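> generate coordinates for the sequence data below:
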Amino acid sequence: MKPVAGKKARKARKAKRTPKAGRAKRVARAKDAEPGMERTLVLLKPDALARGLAGEIIARFERKGLEFVAMKLIRIGPELAEEHYGEHRGKPFYDGLLSFITSGPVMAGVLEGRGAISIVRRLLGATSGQRAEPGTIRGDYSISDRNNLVHASDGPESARSEIARFFAEDEIVRPLAREWIYDRSGDVPE
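The predicted structure is shown next:
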């Protein structure tokens, strides 16, 4: 197949990652997902990878009991960055945010588990590394407001659209470890 240059190439790439109607909903709630299970997007940003923190960050999510059902190393181009951070357009930090997220490789992943969205947000801590509590990922490893190691979806709707932006349905796999993480007896611990 002959490579497409210029505007045609950008249009073809955008068509590949633009979610089709209903695709985002299907991706966030897979056929084999159980009641109460959520999926959330995480992006380990260029600073996390450059500092060699990816393994530690991934381990924290996994030790908590969340499962990666998709993961890939990518470079985010300007168009994808603008689409992903479009809600911040016009804010004073927007240009710096785009410059930072496109400056190096990013590890994109989808985490799944009960309450995954809120659990990931609590594990990360406050957006600013200076304000994040010790014991959180940002509190332990970041002192920057912008270079804060990880992006995570902030709610169910953003999780659905962000997952669809970065992953095709066939890139998400069925989790394996659930039977060892979640009690299936129905008993509630006292």
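> remind me which residues of this protein are low pLDDT?
Judged by pLDDT under 70, the chain has its weakly predicted residues at 1-34, 175-190.
> distance check, Lys91 against Leu73.
28 Å (C-beta to C-beta, to the nearest Å). In short, each C-beta sits where N, CA and C put it, glycine included.
> cool, Thr136 as well?
Using C-beta to C-beta, we find Thr136 at a distance of 24 Å from Leu73.
> so which of those two has more stuff around it?
More crowded of Thr136 and Leu73, by other C-beta atoms under 10 Å: Thr136, with 18 against 11.
> which residues does that one contact?
By C-beta atoms under 8 Å, 6 or more residues apart in numbering, Thr136 lies in contact with Arg122, Leu123, Leu124, Gly125, Ala126.
> what's the answer for Ile143, then?
The contact partners of Ile143, taken as C-beta under 8 Å, 6+ apart, are Gly129, Gln130.
> at 10 Å what do you get?
Ser128, Gly129, Gln130, Ala132 (C-beta atoms under 10 Å, 6 or more residues apart in numbering).
> show me what contacts the nearest residue to Tyr94 once chain neighbours are set aside?
In space, Tyr94 comes closest to His88 once its chain neighbours are excluded; the distance is 4.9 Å by C-beta to C-beta, 6 or more residues apart in numbering. Contacts for His88 (C-beta under 10 Å, 6+ apart) come out as Glu82, Tyr94, Asp95, Leu97, Leu98.
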